[in-house]
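Undergrad: here is the input, now give the coordinates:
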Amino acid sequence: MKDNYFREKHILYRYLGTKLVKLFKDHHVIVAGGTITSLFSSRKINDVDCYFKSKSNRDAVVKELNTMKGAKRTFETEHAIMFEIGKKNPIKVQTVLIDDLILASPTFILAEFDYTICMGAFDFQVDKFIVSREFLAHLAQRRLVFNIKTKYPIVSLLRAVKFINRGYRLAGIEALKIGLTCNALQIKTYKDLREQILGIDTLFLRELTDRLSKPETAENDYDFEYAMDLISELLEKYGRVFEDSDESIPI
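TA: Numbers count the residues shown, from 1 in each chain. Reported below is the predicted structural model:
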């Protein structure tokens, strides 16, 4: 039986509004990750992560959002730019800048996500949803299944806390997979550590990533105890803000 998901498409279009839907259609945007998870689990959409099939499409969308009435640029890293559109209950649109994900098919993008419950996308060029084989089953089961091929497993640890607080279950074997994937990382400098912690949009860890990017730190050999001291310092400064943050981290 063909799955059309008309209800979810209607909710997505209504949430975005005519202007954004037209922009996304004109430039073949792929919306993937947390937005789709929220649609299929009846949760409030936190933000909209946009991927692109060409650099020209990406640049055109960023240009349009930079000049769109009621839109403001709120956050930027090497990996993504966040825009907020509207004053009351603004829509957060994040444009993913990673070149490796340009020209990628939705299926390729989904294979980069860390949990199967995030492996859903909507392709505005063909006007349909693309989901992984396990997406709906694991979402219904409230089950976290980890993808060992994800690029940012350290960030996945933080995301696991968020999902567990939402009622998802992380089996022991999945926790082991995350730990072993983190252990396999080649972290030799603080630049490498920053790349891992940055992920795509770890806004709530911005001060840490900013410190690690300073010229006097970035290329230094990685020292585990120093890194832990730095994290502890920031935890004392900000209290529970890291633990309670609901910032999305799509990959």
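Undergrad: mind listing the helices for the protein?
TA: Secondary structure of the chain (DSSP state H): helices at 6-16, 18-26, 34-40, 55-67, 106-110, 135-141, 153-165, 172-183, 190-198, 206-212, 215-218, 224-238, 241-244.
Undergrad: counting by contacts, list what the longest one packs against.
TA: Helix 224-238 is packed against helix 206-212, with contacts defined by 3 or more Cβ pairs under 8 Å, 6 or more residues apart in numbering; DSSP states H and E. For every residue, glycine as well, the C-beta is placed using N, CA and C.
Undergrad: how about the fifth one?
TA: Using 3+ Cβ pairs under 8 Å, 6+ apart as the contact definition, the elements that helix 106-110 packs against are strand 30-32, strand 120-123, strand 128-131.
Undergrad: hang on, the earlier thing: out of the helices of the chain, deepest packed?
TA: Among the helices of the chain, helix 34-40 has the highest mean neighbour count (mean count of other Cβ atoms under 10 Å), at a mean of 23.
Undergrad: so for it, mean pLDDT?
TA: Mean pLDDT, helix 34-40: 95.
Undergrad: which helices and strands does that helix pack with?
TA: helix 6-16, strand 48-51, strand 120-123, helix 135-141.
Undergrad: with distance to N46 added, can I get the helices of the chain in JSON lines?
TA: JSON lines is the format used below for the helices of the chain (distance: least, Cβ to Cβ, whole Å):
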{"stretch": "helix 6-16", "distance to N46": "11"}
{"stretch": "helix 18-26", "distance to N46": "16"}
{"stretch": "helix 34-40", "distance to N46": "6"}
{"stretch": "helix 55-67", "distance to N46": "18"}
{"stretch": "helix 106-110", "distance to N46": "19"}
{"stretch": "helix 135-141", "distance to N46": "16"}
{"stretch": "helix 153-165", "distance to N46": "10"}
{"stretch": "helix 172-183", "distance to N46": "22"}
{"stretch": "helix 190-198", "distance to N46": "19"}
{"stretch": "helix 206-212", "distance to N46": "17"}
{"stretch": "helix 215-218", "distance to N46": "31"}
{"stretch": "helix 224-238", "distance to N46": "20"}
{"stretch": "helix 241-244", "distance to N46": "14"}
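Undergrad: any idea which of those scores lowest on pLDDT?
TA: Taking the mean pLDDT of the helices of the chain, helix 241-244 comes last: a mean of 46.
Undergrad: stretch 39-55: end-to-end distance?
TA: The first residue of stretch 39-55 is 27 Å away from its last residue (Cα to Cα, to the nearest Å).
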